[in-house]
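# test case, fold it:
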Amino acid sequence: MKQNLRQRSSLISYGLRHIQAGFSSLGQLSRAPFATFITCLVIGITLALPVALFTLLKNVDVLGQKLEQNTQITLYLKPNVDDAEAAQFLKELKSNHSIAEAHAISPTAGLAELQQQAGVTNMLSELQDNPLPWAIVIVPAKDQQTPRALNALSNRLKELPLVAEVQLDSAWIERLFAILSLAHRMTYALAFFLGMAVLLIVNNCIRAATQLHQKEIDIIKLIGGTRAFIRRPFLYAGMIYGLLGGIIACLLVDLFLLWLKSPISHLTNLYQSQFHILGLNGMDTLLLLFCSLTLGWIGSWVAATRYLLSRRV
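Residues are numbered from 1 along each chain as shown. Model (predicted):
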């Protein structure tokens, strides 16, 4: 029983020391509000750039997936295929698990559509017979909506005996996803380097704070203060810098996306699209705040530890 009370008392005492160190750090930073704000603003701008790029790439990924889902494969049948054979072939395609939808376009309907697009009437009167073959438009199943799967499906369809030609315009999708892959890697590299910049910013601020409180540190050392006790307020100061910088980064990204919302909505309306720009969700915000707080803690820990080692504390 006594041992449990001691453990509980030590935990309470340990928690109170951390709370005291946190409020002490917050009080020190509030005494220089302008300098603290500028530091947090610089951290926020540094973090906002890669976060904004990640958010834009996430929107482009969603748009690319929607465009990819609208990919169609057109089969042009051989000229000697009659109506009954085309109907039977269409029925077989609809039973294929790799195909979500399929509909046929007869030579007569194809010629009518061609005349409408070209703005020409009585095109058949100038020709001896209709040269257009049966065409079947296929919408692949969801599990086939990738460039590799689409190419494989297209190659399988080419081998069917009634098919003369297969048209699949997927090259632009492959280029889009290749560009997105490169953009993701560049954004990861940018995030890494800017994360290092945040570490340096916090490191310099905490190093300046240790020099400013050098006499206080010496007094604490003389009365038996441990390294952990001396370092604790600086760690909380670094975490406060990081947390406030992360909050500013979230606000900047939200303002940036709000600024883009109107022109993007206008552009999507012109293309009769239902696309809506995606912002930071709850998980993205928590991840950003966690990363910014962690960067602040690491930067302050490095600065405080280097100072204590140099002073042989």
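# where do the strands of the protein begin and end?
73-77, 99-105, 135-140, 163-167 (DSSP state E).
# in CSV, list those strands along with distance to Ile248.
In short, each C-beta sits where N, CA and C put it, glycine included. Below are these laid out as CSV (distance: least, CB to CB, whole Å):
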stretch, distance to Ile248
strand 73-77, 49
strand 99-105, 46
strand 135-140, 45
strand 163-167, 51
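# ok, which of these comes nearest Ile201?
Nearest to Ile201, of all the strands of the chain, is strand 135-140, at 49.9 Å by CB to CB.
# what residues sit buried inside that closest one?
Within strand 135-140, the residues scored as buried using 16 or more other CB atoms under 10 Å are Ala135, Ile136, Ile138, Val139, Pro140.
# and the third one, how far is that from Glu159?
Note on Ile138: its distance to Glu159, by CB to CB, to the nearest Å, is 15 Å.
# quick one: the strands of the chain as CSV, columns for distance to Leu26 and mean pLDDT too.
Compiled in CSV, the strands of the chain are given as follows (distance: least, CB to CB, whole Å; pLDDT from 0 to 100):
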stretch, distance to Leu26, mean pLDDT
strand 73-77, 62, 86
strand 99-105, 58, 83
strand 135-140, 58, 84
strand 163-167, 66, 84
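# for Ala249, which of those is the nearest?
Nearest of these (CB to CB): strand 135-140, 40.4 Å.
# run the chain-centre distance for the longest helix along the chain.
Of all segments of type helix in the chain, defined using DSSP state H, the longest is helix 227-270. Centre-to-centre, helix 227-270 and its host chain are 15 Å apart (CA atoms, centre = their mean, to the nearest Å).
# ok, which of the strands of the chain comes nearest Leu260?
So among these, strand 135-140 is nearest, using CB to CB, at 31.7 Å.
# show me what that closest one is packed against.
Counting by 3 or more CB pairs under 8 Å, 6 or more residues apart in numbering; DSSP states H and E, the packing neighbours recorded for strand 135-140 are strand 73-77, helix 83-94, strand 99-105, helix 147-158.
# what's the domain layout of the protein?
Domain segmentation of the chain under automatic domain parsing yields 18-66+174-310, 72-168.
# most packed of these?
Of these, the one with the most neighbours on average (mean count of other CB atoms under 10 Å) is domain 18-66+174-310, at a mean of 16.
# could you pull up the mean pLDDT of that domain?
Average pLDDT, domain 18-66+174-310: 84.
# from the chain's centroid, how far away is that domain?
Going by CA atoms, centre = their mean, the spacing between the C-alpha centre of domain 18-66+174-310 and its chain's C-alpha centre is 17 Å.
# check stretch 140-151 too.
On CA atoms, centre = their mean, the centre of stretch 140-151 falls 23 Å from that of its chain.
# only alpha carbons, please: show that stretch as PDB.
Extracted in PDB, the C-alpha atoms of stretch 140-151 (Å, rounded to 0.1, in the frame of the first residue of the first chain):
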ATOM      1  CA  PRO A 140     -13.600  -2.000 -68.200                       C
ATOM      2  CA  ALA A 141     -14.400  -3.200 -64.700                       C
ATOM      3  CA  LYS A 142     -13.000  -1.300 -61.700                       C
ATOM      4  CA  ASP A 143     -10.200  -3.800 -61.100                       C
ATOM      5  CA  GLN A 144      -9.100  -3.300 -64.700                       C
ATOM      6  CA  GLN A 145      -8.800   0.500 -64.400                       C
ATOM      7  CA  THR A 146      -5.000   0.700 -64.400                       C
ATOM      8  CA  PRO A 147      -2.700   1.300 -67.300                       C
ATOM      9  CA  ARG A 148      -1.200  -2.200 -67.100                       C
ATOM     10  CA  ALA A 149      -4.600  -3.900 -66.700                       C
ATOM     11  CA  LEU A 150      -6.100  -1.900 -69.600                       C
ATOM     12  CA  ASN A 151      -3.200  -2.900 -71.900                       C
END
